[in-house]
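> Here's my sequence, what's the structure:
(chains A and B, ligands or ions: 2)
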Amino acid sequence: MTPILTVEGITAGYGRVTVLNDMSLEAGRHGNVGFFGPNGHGKTTLLRVVSGLLRPKAGRIVFDGEDITGKSARAIVGAGLIHVPQGNRIFPDLTIADCMSLGAYSARARPHEAENREKVVALFPKIAERWRQRVRTLSGGERQMVSIGTALMSHPRLLILDEPTLGLAPRIKDELCASVLDISKGGVPLIVVEQDIEFLLELCRQLYLINHGTVATEIKPGESIAHAEIMSMYFGQHQDH
Amino acid sequence: MGALAEILFGGLFQGSLYAMMAVGLALVWTTIGVFNFSHGVFMMLGAYFAWQLVEVGLHPAAAFPLAVLATAGVGWLLQAAVVRPLIGRANLVLVVVITTLAAGSLIENGVLEIWGPRSKQLPPLVDGNTMIGSIGVSLHQIAIIVVTPLILGALWMFLTRTRLGLALRAVAQNEDASQLVGLNVTALYGLAFAIAAGLACLAGIFMGGYRFMSPVMGADPLLKALIVVVFGGISSISGPIFAAYLIGFFEAACSYYFGLYWTPALLFAVLILTLMVRPEGIFSSRGRGLA
Ligand SMILES: Nc1ncnc2c1ncn2[C@@H]1O[C@H](COP(=O)(O)OP(=O)(O)OP(=O)(O)O)[C@@H](O)[C@H]1O
Ligand SMILES: [Mg+2]
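Ligands and ions are numbered 1, 2, ... in the order given. Next up, the predicted model:
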């Protein structure tokens, strides 16, 4: 399989601060990909660069054979790369129904609106019960479901989730993890940032440890690595600065 | 009975003009998060466009919509010139106050150059006068009272019932999330400005039909619109609409009972009191968001 996403030598940051430093990686050759690593080391920044929210200072991003470096977020959504941002703030004063219509806004997604809505309803029956409720009145878990549901309405060819289970209670978290696994089984390739390594190991065959704005370690499929080893890598990296 | 009719009529009439102006200001604030200080200039420019089109022989029924479109176009351009390039700056609100003020004063002087200082007048929407009870009113005023709610209602329907209106409301709430569903944020900014300018043009046409026009005719309505949005809460467009009518009635009652002279002072007293009790405005909830 050819990689669906290639990141080549990306350097990016905010103002004069550089966060990502000559980062390169590949995703999709071996199914889903997971990113993990200590807080504040550039995972979200990388996703923002990939989806066109942040312009890189150097480097190249190729999505499914097409160079998307420097393209607008709108064009990238149009190509089918859909990003669910961290923190599920979405549209606080819109209803769930409104969010779903917005998800289907792009010309690519419009013809599939009805079919995708059915998928979302089947996947998240909880939010289907609250179709006319405003997002700000939903629980954190429900808001995350709306975020992911909105992304599914965009008819993704690649779905990127930034810490989908952040701050959720264990029961809701398990439910959400199961839904993400369902999405993957439905045939949508995923890139997922998570702190929960167990979940990442279940979902992905390829993992990247991101540290200091670059790839510290890649775990390829087959290189089955023990949980304890990852944890020591994780904290080992953390201690040496 | 006479007093009530006079206050009711005066309030509805002034309230309509204020609502027409304030809604555009609120639309731009909620979508882009800036105050457009050239909003009064849009009103004036719109009235002059309408006057020019009538002057060259167009029927008002054609001239007025054309003027609205032309003013909307100017609104779009002005946004592209002095607002869009600044988006993302930390002190955006302040900088845009300055750039829109500057652009507005340029346009004002341009109008003075082109059309001269002599006052002009537009034909009324409807010719003639009538009596309501014991007070004489012009049909133009009645037309304004009837047309304004229809236009504001249409705007409301657009914002709440169409996908494009939904997109405008979405941008008002979360720009990043809007980009991530593929909305064209810069075009939506332009659209918000264009709609606001078009509505200001309508207010200018209303005003030019019963008062003399001058290049500075927009200054006072801008101030009033600012008061209205501060009073009603700037985080929605329904708040300013209600506030516009409320202030219209308040002014009508004040000038009936205390005289025109005391009205501005009383209005500001009420405004200050309101802001002490409810800093976010009387009809507002916290946070930005249209409708
Ligand atoms: N808008 C911004 N402006 C300036 N600096 C920022 C901005 N967003 C993030 N940063 C900085 O960039 C660095 C990387 O942040 P980023 O959000 O990419 O980390 P992360 O790996 O996603 O962390 P977490 O696991 O906590 O989500 C941090 O030091 C952060 O303070
Ligand atoms: Mg992050």
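> From A:Met145, how far out is A:Ala151?
A:Ala151 is 11 Å from A:Met145, where distance means Cβ to Cβ, to the nearest Å. The C-beta positions use only the backbone N, C-alpha and C, and glycine is treated the same way.
> what's the pLDDT at the nearest residue to A:Gly103 once chain neighbours are set aside?
Leaving aside its sequence neighbours, A:Gly103 sits nearest to A:Met153 (Cβ to Cβ, 6 or more residues apart in numbering or on different chains; 2.8 Å). Per-residue pLDDT puts A:Met153 at 98.
> Identify the residues contacting residue 64.
Picked chain A for this. A:4-5, A:79-80, A:157-158 (Cβ atoms under 8 Å, 6 or more residues apart in numbering or on different chains).
> that's the wrong chain, I wanted chain B
Per Cβ under 8 Å, 6+ apart, neighbours of B:Phe64: B:50, B:202, B:205.
> Sort out for me which of the residues you listed are in helices.
Residues of these located in helices (DSSP state H): B:50, B:202, B:205.
> Just the pLDDT for the residue lying closest to the first one once chain neighbours are set aside.
Spelled out, it's B:Ala50. Using Cβ to Cβ, 6+ apart and skipping the chain neighbours, the partner closest in space to B:Ala50 is B:Ala67 (3.8 Å). The per-residue pLDDT reported for B:Ala67 equals 98.
> Same question for A:Cys177.
Predicted confidence (pLDDT) at A:Cys177: the value is 95.
> in chain A, which ranges drop under the pLDDT threshold?
A:224-241 (pLDDT under 70).
> what about the longest helix in it?
helix A:170-185.
> and the next element down the chain from that one?
Sequence-wise, the next helix or strand downstream of helix A:170-185 (DSSP states H and E) is strand A:190-193.
> For that following strand, which strands pair with it and how are they oriented?
If you go by DSSP bridges, strand A:190-193 pairs up with strand A:33-36 (parallel), strand A:158-162 (parallel).
> quick one, which of those is packed in tightest?
strand A:33-36 (a mean of 25; mean count of other Cβ atoms under 10 Å in any protein chain shown).
> Would you mind listing the outside residues contacting that strand?
So strand A:33-36 is contacted by A:27, A:43, A:46, A:190-195, A:197, A:200-201, A:203-204, A:206-210, A:234 (Cβ under 8 Å, 6+ apart).
> redo that, cut-off 7 Å
Residues from elsewhere that reach strand A:33-36 (Cβ atoms under 7 Å, 6 or more residues apart in numbering or on different chains): A:27, A:43, A:191-195, A:197, A:200, A:203-204, A:206-210.
> and the two most separated of those residues?
Using Cβ to Cβ, these reach their maximum pairwise distance at A:Ala27 and A:Gln195, which is 19.0 Å.
> of those two, who's got more company?
Neighbours per residue, other Cβ atoms under 10 Å in any protein chain shown: of A:Ala27 and A:Gln195, the larger number sits with A:Ala27, 25 against 15.
> thinking B:Leu66 is in contact with B:Trp51, fair?
No. Between B:Leu66 and B:Trp51 there is no contact under Cβ atoms under 7 Å: 12.0 Å.
> After the helix or strand harbouring the residue nearest to B:Ala50, which helix or strand is next?
Using DSSP H and E, B:Ala67 sits in helix B:60-82. In the C-terminal direction, the helix or strand that comes right after helix B:60-82 (DSSP H and E) is helix B:92-115.
> Now do that next one against helix B:60-82, angle only.
130 degrees (axes from the mean of the first three to the mean of the last three Cα atoms, to 10 degrees).
> For helix B:92-115, name the packing helices and strands.
helix B:39-55, helix B:60-82 (3 or more Cβ pairs under 7 Å, 6 or more residues apart in numbering or on different chains; DSSP states H and E).
> what ranges do the helices span in chain A?
Along chain A, the stretches classed as helices by DSSP H are A:43-50, A:73-79, A:96-103, A:113-123, A:125-128, A:140-153, A:170-185, A:197-203, A:227-239.
> Identify whichever of these lies nearest to B:His140.
Comparing the helices of chain A by Cβ to Cβ, helix A:96-103 comes nearest, at 39.5 Å.
> can you list the residues that contact the closest one?
A:90-91, A:109, A:117, A:120, A:127, A:130-133, A:135, A:146, A:149-151, A:153-154, B:163, B:166, B:170, B:181.
> still on that earlier bit, got the contacts of B:Phe64 as JSON lines, with neighbour count, distance to A:Thr95 and pLDDT columns?
Formatted as JSON lines, the contacts of B:Phe64 follow (neighbours: other Cβ atoms under 10 Å in any protein chain shown; distance: Cβ to Cβ, whole Å; pLDDT from 0 to 100):
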{"residue": "B:Ala50", "neighbour count": "29", "distance to A:Thr95": "39", "pLDDT": "98"}
{"residue": "B:Leu202", "neighbour count": "26", "distance to A:Thr95": "31", "pLDDT": "97"}
{"residue": "B:Ile205", "neighbour count": "29", "distance to A:Thr95": "36", "pLDDT": "97"}
